[in-house]
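Give me a 3D structure for the following:
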Amino acid sequence: MNGPALQDRPSASASWRIALPHTVAAVPVARALVRTALAELEHAADSDTAELLTAELVANAVEHTAGDGPIELVVELLPSGCQVEVHDPDPAPPGDLTRPTKGEPDPWQEHGRGLLLIRTLSSSCGHRPTGSGKAVWFRLPVVPAQRRPL
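Presented below is the predicted three-dimensional model:
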């Protein structure tokens, strides 16, 4: 079999929602929450990828939205994988999240790869308006648990 059997997948969903400060200090807190949430399931989405993409979404929300109001992180675990959303107060869409950019990013620049990573590494991603701004999200599928040494 090429993947986990249907009966091996988690059958219940769970979600976490947390307000984070509108500072770079929110990034490690968000990563830790995602890591903890995914550790709750035996067959979860890839934790390293989820942490990386979450860090990108939170860093973008902090860097590209004005104000000092909190941003919100929502992590939802589903039988099919996980979805992570970051809510911020800016209603403007997030750059080139759902459409490819023209050309490659400049290899000498520190910035400009976050949305590319999200588009490339997630199974799907997007954004939607909310009553107070927007939510930017990505999904990752369930992956089978690694075989552990005896």
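
looking at this, L77 is in a strand?
Yes. Assessed with DSSP: H, G, I helix; E, B strand; the rest coil, L77 lies in a strand.

could you point out which element follows the helix or strand R35 falls within?
Under the criterion of DSSP states H and E, R35 resides in helix 26-39. Using DSSP H and E, the helix or strand that follows helix 26-39 in sequence is helix 47-64.

So which bits of that following helix are buried?
47, 49-62 (16 or more other CB atoms under 10 Å). In short, each C-beta sits where N, CA and C put it, glycine included.

Contacts for that helix, please.
Contacts with helix 47-64, where a contact means CB atoms under 8 Å, 6 or more residues apart in numbering, come from 20, 22-24, 26-27, 30-31, 34-35, 38-39, 71, 73, 75, 82, 84, 86, 88, 90, 94, 114-115, 117-118, 121-122, 136, 138, 140.

Mind checking which of those residues are in helices?
Of the contacts of helix 47-64, the ones assigned to helices by DSSP state H are 26-27, 30-31, 34-35, 38-39, 114-115, 117-118, 121.

I appreciate the help and will end here.
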